[in-house]
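Visitor: Give me a 3D structure for the following:
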Amino acid sequence: MLGGTFNPVHLAHLRSAIELKETLGLDEVRMVPCHVPPHRDEPQTPAHQRLEMLSLALEGVPGVIADDRELRRDGPSFSLDTLKSFRGELDKDDSLIMAIGEDAFSKLDRWRAPEALFELAHVVVIARPDHGLDVPAGLSDFLAARRAHSAEALSGPSGRWLALSLASPMAISSTDIRARLRRGQDIRYLVPEVVRHYVERHGLYL
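Guide: Next up is the predicted model:
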């Protein structure tokens, strides 16, 4: 599970999904657009358009899937509820991984029932060029006992976390893309061409 607002989805999101799948030997990666973010303002771009852009970007990409389950739920899109939904579709011994960036990980102690996440899944923390690995103080002892130091250590269905540097880190952000569009600047090569055309056709982020 790789969640986010994807507002809009960009090349760093997509490359991370592919490299997660390859590096960890995953059967598939589900990219899950957030409907109502619990920890930030709700995106002005409607959820169905963010999903459409993500689906267009993933056409023909094997094993990486746009998943709309959070868009089908009312209320805040808590990761705990999403992991419960995924876990209900798996065998009890299947491994489930939630991938998040270092910026989100540093605020994990503010999430809803963060300890319960580890009862459902492993957590992989993706290194970002514009951030660093900050272990949230409120969970330091809890996380210290659960840290893994290799992908092989993520055995079993859940319970560990791993800091992971991917091969192609990209300092691209949706915030910057939206700002460029408001300034009338070109976003070519920051997003897939199909997403750029969608944004232009629908007049998004102006």
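Visitor: hmm, which helix or strand of the chain has the shakiest average pLDDT?
Guide: Lowest on mean pLDDT, DSSP states H and E among the helices and strands of the chain sits helix 102-105, with a mean of 94.
Visitor: what's the distance between the very next helix or strand once past that one and the middle of its chain?
Guide: Next along the chain after helix 102-105, taking DSSP states H and E as the criterion, comes helix 114-120. Centroid separation for helix 114-120 versus its chain: 17 Å, with C-alpha atoms, centre = their mean, to the nearest Å.
Visitor: just checking, what packs against the least confident helix or strand of the chain?
Guide: Counting contacts by 3 or more C-beta pairs under 8 Å, 6 or more residues apart in numbering; DSSP states H and E, helix 102-105 is packed against strand 122-126. Every C-beta, even on glycine, is put in place using the N, C-alpha and C of the backbone.
Visitor: Can you list the strands that the strand it packs on pairs with?
Guide: The pairing partners recorded for strand 122-126 under DSSP bridges are strand 97-101 (parallel), strand 161-164 (parallel).
Visitor: deepest of these, which one?
Guide: strand 97-101 (a mean of 22; mean count of other C-beta atoms under 10 Å).
Visitor: Restricting the selection to alpha carbons, write that one to PDB.
Guide: What follows is strand 97-101, C-alpha atoms only, in PDB (Å, rounded to 0.1, in the frame of the first residue of the first chain):
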ATOM      1  CA  ILE A  97       3.400  -3.500   3.800                       C
ATOM      2  CA  MET A  98       2.500   0.200   4.100                       C
ATOM      3  CA  ALA A  99       5.000   2.500   2.500                       C
ATOM      4  CA  ILE A 100       5.300   6.100   3.700                       C
ATOM      5  CA  GLY A 101       7.800   8.900   3.200                       C
END
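Visitor: who's in contact with the residue of the chain most remote from its centre?
Guide: Largest separation from the mean C-alpha position in the chain: Gly184, at 27.6 Å (C-alpha atoms, centre = their mean). The contact partners of Gly184, by C-beta atoms under 8 Å, 6 or more residues apart in numbering, come to none.
Visitor: Trp161 contacts Arg147, correct?
Guide: Yes - taking C-beta atoms under 8 Å as the definition, Trp161 is a contact partner of Arg147 at 6.0 Å.
Visitor: Is it possible to get TSV of the strands paired with strand 122-126 that adds mean pLDDT and distance to Glu70?
Guide: Shown next, in TSV, are the strands paired with strand 122-126 (pLDDT from 0 to 100; distance: least, C-beta to C-beta, whole Å):
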stretch	mean pLDDT	distance to Glu70
strand 97-101	97	13
strand 161-164	98	22
